[in-house]
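**Q** With the input below, show me the fold.
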Amino acid sequence: MGAWLSLLYGVVSYVFFLGTFAYAIGFIGNVIVPKSVDTGTPAPLAEALIVNLLLLTIFALQHSIMARRSFKRWWTQLVSPAVERSTFVLAATLALALLLWKWVPIPEPVIWSVQSPVISQLLWGVFWLGWATLLLSTFLINHFELFGLRQVLAQAMDREIPEQEFRTPLLYRYVRHPIYLGFVLAFWATPVMTAGHLLFAIGGTGYILVGIWFEERDLIAQFGEKYRRYRAQVGMLLPGRKSSI
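**A** Numbering: from 1, shown residues only. As a prediction, this is how the structure comes out:
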């Protein structure tokens, strides 16, 4: 019964993530959703900055702390290892949902506003390319394990998950962090960049750079010299290879 409850927990966490993530795409792109990065009730600049920076900090701290190997070792003494990833996904989604809900728009000043229809469409293309890159990258490294479903399903079926191997499929042969690259493209590719959107893009990109630093420490600890060679040969966010891997 515990294994099947864990499976239900993992599925619910994943579905909650999917809905929130889909909303986040509309939020960042100012499309479809009722409240976006540039819409909603404005507030005095100082208040907006404090609230938005606090929301970004909560999101960054949750990811930075719960993603670390040291935290996972401690955390799995309290919860089943099978639901550790699902719990991370749930906490991350709650932090993201809070950010989307409480974000205070800062519509002025407008940093840039593209008037050319061709350039505007090009930026929209880059925006959607970013999300496509991100999604494809999750499936290249096992989407369902990344979001905790494989772990809870394996427990429910009484199966062992093989130990993680170091692989560089497709996009990972040319850029070490294509998921983060997708986020960066989506954050910055917009025909209209307001002050609030700029704050979101800077905060999100800053977190990504810090997150990469911590993540690569963990990857070196896990894979050792293999990852060191990979890091020396492949670009972090800008695609490029110095030699074959």
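**Q** start to end distance for stretch 219-237?
**A** Taking C-alpha to C-alpha, to the nearest Å, the first and last residues of stretch 219-237 lie 16 Å apart.
**Q** Which SSE is immediately downstream of the lowest-mean-pLDDT helix or strand in the chain?
**A** Ranked by mean pLDDT, DSSP states H and E, the weakest helix or strand in the chain is helix 69-75, scoring a mean of 89. Scanning forward in sequence from helix 69-75 by DSSP states H and E, the next helix or strand is helix 81-102.
**Q** Report the buried residues of that following helix.
**A** 82-90, 92-97, 99-100 (16 or more other C-beta atoms under 10 Å). To be clear about C-beta, it is placed using only N, CA and C from the backbone, and glycine gets the same treatment.
**Q** How far off centre is the least confident helix or strand of the chain?
**A** 20 Å (C-alpha atoms, centre = their mean, to the nearest Å).
**Q** That helix - contacts with which helices or strands?
**A** Applying 3 or more C-beta pairs under 8 Å, 6 or more residues apart in numbering; DSSP states H and E, one finds that helix 69-75 makes contact with helix 45-66, helix 81-102, helix 195-223.
**Q** Tell me the buried residues in the longest one?
**A** Same thing as helix 195-223. So for helix 195-223, counting by 16+ other C-beta under 10 Å, buried means 195-201, 203-205, 207-208, 211-212, 215-216, 219.
**Q** List the buried residues of the helix or strand following it.
**A** Counting by DSSP H and E, the next helix or strand C-terminal to helix 195-223 is helix 225-233. Within helix 225-233, the residues that count as buried by 16+ other C-beta under 10 Å are 227, 230, 233.
**Q** Right, I'll leave it there.
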